[in-house]
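>>> the following block contains a protein sequence and its predicted model.
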Amino acid sequence: MVVITLQRHKCIGCNYCVELAPNQFQMSKKDGKSVLLHSEEKKGFYTLKSKNYEILEPSLNASKACPVKIITVKDT
């Protein structure tokens with residue numbers, strides 16, 4: 001299972017995550033911050049759990065590129 005977590009409130013809107021993993025992230029037109037698609041929010045953390053391992057590599061790349069390090073990706 002691939003688990004992706006986004007701390008959205010810390011997002012600076014650089015757009016790297018969208019460029020590297022467009023199937024998982026998009027930018028909000030309201031506030032210019034990243035949105036983790038199909039995620040559930042709990043206490044400011046947005047989490048997506050998926051059995052689709054095709055999202056692992058692009059999500060890891062997005063996590064590494066994030067300048068504020070607010071994206072975590074785990075392969076459980």
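Thanks, I have the structure now. Keep in mind it's a predicted model, so treat the numbers as computed, not measured.
>>> ok, Val68 - contacts?
Going by CB atoms under 8 Å, 6 or more residues apart in numbering, Val68 touches 10-12. All C-beta atoms are positioned from the backbone trio N, CA, C, and that covers glycine.
>>> how much space between the residue sitting furthest away from the middle of the chain and Met1?
No residue in the chain sits farther from the centre than Lys30, which is 17.4 Å out by CA atoms, centre = their mean. According to CB to CB, to the nearest Å, Lys30 stands 30 Å off from Met1.
>>> Asn23 now?
Applying CB to CB, the value for Asn23 to Met1 is 17 Å.
>>> between those two, which has more neighbouring residues?
Between Asn23 and Met1, Asn23 has the larger neighbour count (other CB atoms under 10 Å), namely 13 against 10.
>>> residues touching the closest residue to Ala65 other than its chain neighbours, list them.
Of all residues not flanking Ala65 in the chain, Tyr16 sits nearest, at 4.1 Å (CB to CB, 6 or more residues apart in numbering). By CB under 8 Å, 6+ apart, Tyr16 lies in contact with 62, 65-67.
>>> ok, back up a step: give me the phi and psi angles of the residue farthest from the centre of the chain.
Main-chain dihedrals, Lys30, degrees, to the nearest 10: phi -80, psi -50.
>>> kindly report the same for Ile4.
Here Ile4 shows phi and psi, under degrees, to the nearest 10, equal to phi -120, psi 130.
>>> quick check, Thr47 in contact with Met1.
No - using CB atoms under 8 Å, Thr47 makes no contact with Met1, being 11.5 Å away.
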